[in-house]
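A.B. asks: Build me a model from this:
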Amino acid sequence: MKKYTIALAGLLFCLGFANRASAQIPTNGNVFFGYSYMSADLGNDRANLNGWNASVEGKVLPFLGIVADFDGHYGSPGKLTNGACPLLAGSCAFSTSNSFNQHDYLFGPRASITVGNIRPFANFLVGFAHVNESGDLLTNSDTSFAYAVGGGVDYHIVPLVSLRGAVDMVQTRFFSNTQNNVRISTGIAFHF
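C.D. replies: Now for the predicted structure:
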């Protein structure tokens, strides 16, 4: 009986040590996918767009990673009236907008630190964005330089899996106008 008690105590000690050691091992990166909301700047108005956000981060230092971030947002900003022309300054006074979508392709550094189960992070991402508007009388699209400044937090729910919340300001220049959009994303991050 004494042998089994010592073996059981040794097994419990090893499991506890392995669990503690796994919490100390830094990850090499993460993959994120989730829901995203964008308050899109349409010139004289704002549109509420819904979509998705995905990213891949590879660590280059324990506190610094390189991120590839992609998103798609979709919506219908509503009827356009004379003087309320989103993005297409002057060319849509007699059109109605039926659909609007924007896709962003961004890359850059992300700084983070892990404190217990929480990993706050901040990032600066640059790349390009593509927008497509279609209405009853016209269809337009444009591609623009884009950048995003923001951050968020990962909350580790189980080893290697986190819930993420993030907020970014995404700036674009579609149709020679500057747009300042707010992007809010939430979802699951898988760490590797």
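
A.B. asks: Surely Val126 touches Tyr147?
C.D. replies: Yes - with contact defined as Cβ atoms under 8 Å, Val126 counts as touching Tyr147 (4.7 Å). Quick note: C-beta positions are derived from backbone N, CA and C, even for glycine.

A.B. asks: what sits in contact with each of the two?
C.D. replies: Leu106 (Cβ atoms under 8 Å, 6 or more residues apart in numbering).

A.B. asks: what about the two, which has more around it?
C.D. replies: Tyr147 (18 against 12; other Cβ atoms under 10 Å).

A.B. asks: beta partners for the closest residue to Pro77 other than its chain neighbours?
C.D. replies: Once flanking residues are discounted, Pro77 sits nearest to Ala47: 3.8 Å by Cβ to Cβ, 6 or more residues apart in numbering. The partner list for Ala47 in beta bridges (DSSP bridges) reads Ala40.

A.B. asks: Just give the number of residues close to Ala47.
C.D. replies: Neighbours of Ala47 (other Cβ under 10 Å): 19.

A.B. asks: partners of the top strand by length along the chain, with directions?
C.D. replies: Of all the segments of type strand in the chain, defined by DSSP state E, the longest one is strand 139-158. Sheet pairing of strand 139-158 (DSSP bridges) gives strand 118-135 (antiparallel), strand 161-172 (antiparallel).

A.B. asks: Does the most centrally placed residue in the chain fall in a helix, a strand, or a coil region?
C.D. replies: In the chain, the centroid-proximal residue (Cα atoms, centre = their mean) is Asn53; its distance is 4.7 Å. Secondary structure, DSSP: H, G, I helix; E, B strand; the rest coil: Asn53 is strand.

A.B. asks: Kindly provide the distance from it to Gly152.
C.D. replies: Distance, Asn53 to Gly152, by Cβ to Cβ, to the nearest Å: 11 Å.
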